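**Student:** fold the following.
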Amino acid sequence: MIAGILKEKNGETRVSLVPDVVKQLQQMSVTVWVEQGAGDTAYFNDNAYMQAGAVIKPAADILSQADIIFTLQPPSRALIDQVPAGKIIIGILQPLYRVGEVEYWASKQITTFSLDTIPRTTRAQTMDVLSSQANIAGYKAVLLAACSYSRYFPMFMTAAGSIAPAKVLILGAGVAGLQAIATARRLGAVVEVFDTRPAVKEEVMSLGAKFVEIEGAADASKAGGYAVEQSAAYQQQQQQKIAESIAKADIVITTAQIPGKAAPVLVTSDMLDQMRPGSVIIDLAAATGGNTSATKNNETVHYRDVTIIGNSSLPATMPADASKLYAKNVFNFLKLILTKEGSLHLNFEDDIVKGACITHNGEVVNERVKSVMQVA
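**Tutor:** Predicted coordinates:
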């Protein structure tokens, strides 16, 4: 069994597997090939991989000969065209947003596993790449906000006068939101939080934040840990509550996304008009449209006197640790599809393997992806 690690494109700084995980794969009799420079931007050089037992190879050799190919970002068609039928590609492939590409992968007889579709169950926590990377995003969002904000975060009492603490509003108390709460509180801010799931209230309050409750949320208990769409009546009530809080906020961090759909617009232009001059918004949902009406992905927008930073790639700003966490997620998933002797064993009776598999034997096999394709 040969596993190949490709060098990421388009400014991606993370790498799919780190040397420590390469050592563990070697112990399972898996040969690891690494494209030259694949780990450089994450501070894992070729020598570190070779010391772990990997072999440095050109991308063409990896694409044509490796049994399993790791590419963190979704592959281009040019890359797919170099992969022989029957091979396996594993990464964060974002299939719910790329149904046309999914059909192309299937037509090429390639088996694909997308780790962002793994069921969010207790058993799957060690493989949950969304959570491991969102944790970093929440942390960096607060630090980015603090650096962009023109005032202090904590309260200061000085001989020259007192400085009130920053008021932070966080929309969404998933993994990114909870880490943002913890980080903002460490910096001394006063934090309010909105989330459509009443069940997260206790977690929010345990971190020292105020949970703003809105009645009538749709039941998300059967959504596998993902967000669900809300009714029009709920959304109207939600916007009213957010408008009240946002007018008082100095920092807003938005994290709301719905798999396969555009991010909900939670902060309207009218709300932006009411924000304090110098306020900062960090929009972590920018890649899927953003949670504000003015967000632009990978751009900083100045809406009057409000700074809106659209950035869905904050984990890539901490590539060393982000890669370590991601690689561990990948290794834990590999243990489900490889035997202890390193042979391939695809058990589609396993809900995690089934949930992560997108294409196999020339077909799109993932139920969530197929349902999005039918709607499209």
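
**Student:** buried sites along stretch 117-135?
**Tutor:** 117-120, 124, 127-135 (16 or more other C-beta atoms under 10 Å). C-beta coordinates here come from the backbone N, C-alpha and C atoms, glycine included.

**Student:** who touches stretch 132-142?
**Tutor:** 168, 174-180, 183-184, 187, 251, 253, 255, 282, 284, 311-312, 314-315, 317-318, 321-322, 325-326, 328-329 (C-beta atoms under 8 Å, 6 or more residues apart in numbering).

**Student:** from those, list the buried ones, please.
**Tutor:** For the contacts of stretch 132-142, buried by 16+ other C-beta under 10 Å: 168, 174-180, 183-184, 187, 251, 253, 255, 282, 284, 311-312, 314-315, 318, 322, 325-326, 328-329.

**Student:** show me those that map onto strands.
**Tutor:** Residues from those lying in strands, with DSSP state E as the criterion: Val168, Ile251, Ile253, Ile282.

**Student:** report how many residues lie close to Cys147.
**Tutor:** For Cys147, the count of nearby residues is 8 (other C-beta atoms under 10 Å).

**Student:** quick check: phi and psi at it.
**Tutor:** phi -70, psi -30 (degrees, to the nearest 10).

**Student:** gap between it and Ala189?
**Tutor:** With distances taken as C-beta to C-beta, to the nearest Å, Cys147 is found 14 Å from Ala189.

**Student:** can you check Tyr49 too?
**Tutor:** 41 Å.

**Student:** ok, Thr122 next?
**Tutor:** 32 Å.

**Student:** report the buried residues of stretch 97-113.
**Tutor:** 97-99, 101-102, 104-106, 108-113.

**Student:** tell me where the stretch 201-350 of the chain has strands.
**Tutor:** Assigned by DSSP state E, counting those that start in this stretch, the strands in the stretch 201-350 of the chain fall at 210-212, 251-254, 280-283, 300-303, 306-310.

**Student:** try the stretch 51-200 of the chain
**Tutor:** Under DSSP E, counting those that start in this stretch, the stretch 51-200 of the chain gives strands at 55-57, 68-70, 88-91, 111-114, 156-158, 161-163, 167-171, 190-194.

**Student:** residue nearest the centroid of this structure?
**Tutor:** Leu130 (4.4 Å; C-alpha atoms, centre = their mean).

**Student:** find the nearest non-adjacent residue to that residue, please.
**Tutor:** Asp116 (5.7 Å; C-beta to C-beta, 6 or more residues apart in numbering).

**Student:** what about the one you found, neighbour count?
**Tutor:** 17.

**Student:** go ahead and confirm it touches Met127.
**Tutor:** No: the pair Asp116 / Met127 is not scored as a contact, 10.8 Å apart, by C-beta atoms under 8 Å.

**Student:** as a quick check, tell me the outermost residue of the chain.
**Tutor:** Ala159 (44.3 Å).

**Student:** for that residue, give me its contacts.
**Tutor:** Contacts of Ala159 (C-beta under 8 Å, 6+ apart): none.
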